[in-house]
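Build me a model:
(one chain, ligands or ions: 1)
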Amino acid sequence: MRRLKLAILISGRGSNMEALLKAIAADPDYPAVAVLVASNRPDAAGLKIAEAADVPTVAIDHRAYGKDRVAFEKELDDELRRSGAEIIALAGFMRVLTPWFVTRWEGRMINIHPSLLPKYKGLDTQQRAIDAGDNEAGCTVHWVTSGVDEGEIIAQARVPILPGDTADTLAARTLPTEHKLYPEALKIACAKILQT
Ligand code: GAR
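Residues are numbered from 1 along each chain as shown. Prediction:
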């Protein structure tokens, strides 16, 4: 069975990345194998988790490129090509990617977002769901397109919003659901790419 070479992009804690690595390690038939974890922040805690799992890592500090987003992305793209990556999973990667990068990877890049898209694109998703009086929130995995958080949805999962919830308690309740959803959604994305 062919397994796609997977690169995971992170910016911080890396718990979704860890969930992907664990799902891959637990299933010999998983349709992806991790070849690179890349961070735009050298101090991202997730890099240590990836190293401990023997996955190659790279940190490309976006601050070194000032306002030149594409210069940062060219460096990132070079690393991804060198790794042989065939699919990219954004896992708490907090840089908006320009059309230059997105078009190079369109159809091969997915993202997890902590809301029930199309609701609450962008930041502060939990607070916005609470402020709106919603009684449920959740997470979505979608294909990445140039419109931020706008690509076709692959999978979605719901969690209740409870009385007294804050953005933090809601995010904490949503996280384990993200960890289940992302490996399943990545499988679906791999199947689609492998079919074409
Ligand atoms: C996750 O909740 C993820 O959905 C969110 O950041 C967190 C990263 O946590 N992503 C976004 O908000 C993307 N716009 P993690 O580093 O532990 O996976």
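
What distance do you get for whichever residue of the chain sits closest to the ligand to D27?
Residue nearest to the ligand within the chain: G92 (2.6 Å; C-beta to the nearest ligand atom). All C-beta spots, glycine's among them, are computed from the backbone N, C-alpha and C. The spacing between G92 and D27, counted by C-beta to C-beta, to the nearest Å, is 22 Å.

With T166 instead?
Distance, T166 to D27, using C-beta to C-beta: 35 Å.

buried residues in stretch 54-61?
Buried residues in stretch 54-61, counting neighbours by 16 or more other C-beta atoms under 10 Å, are found at V55, T57, V58, I60.

My guess is the first one contacts V33. True?
No. Under the criterion of C-beta atoms under 8 Å, V55 makes no contact with V33, lying 9.5 Å away.

Please list the residues of the chain that sit near the ligand.
Within the chain, the positions adjacent to the ligand are 10, 12-16, 46, 91-92, 112-114, 139, 178 by C-beta under 6 Å from any ligand atom.

Most neighbours out of those residues, which is it?
Ranked by neighbour count (other C-beta atoms under 10 Å), the residues of the chain next to the ligand have I10 at the top, with 29 neighbours.

quick one: which helix or strand includes L36?
strand 32-39 (DSSP states H and E).

So in that sheet, which strands flank that strand, and in what orientation?
The strands beside strand 32-39 in its sheet (DSSP bridges) come out as strand 4-10 (parallel), strand 57-59 (parallel).

Which helix or strand contains D78?
Element membership for D78, per DSSP H and E: helix 69-83.

Show me what the closest residue in space to L80 that isn't next to it in sequence is bridged to.
Counting by C-beta to C-beta, 6 or more residues apart in numbering, A7 is the residue found nearest to L80 once chain neighbours are left out, at 5.3 Å. Judged by DSSP bridges, the bridge partners of A7 are L36, I88.
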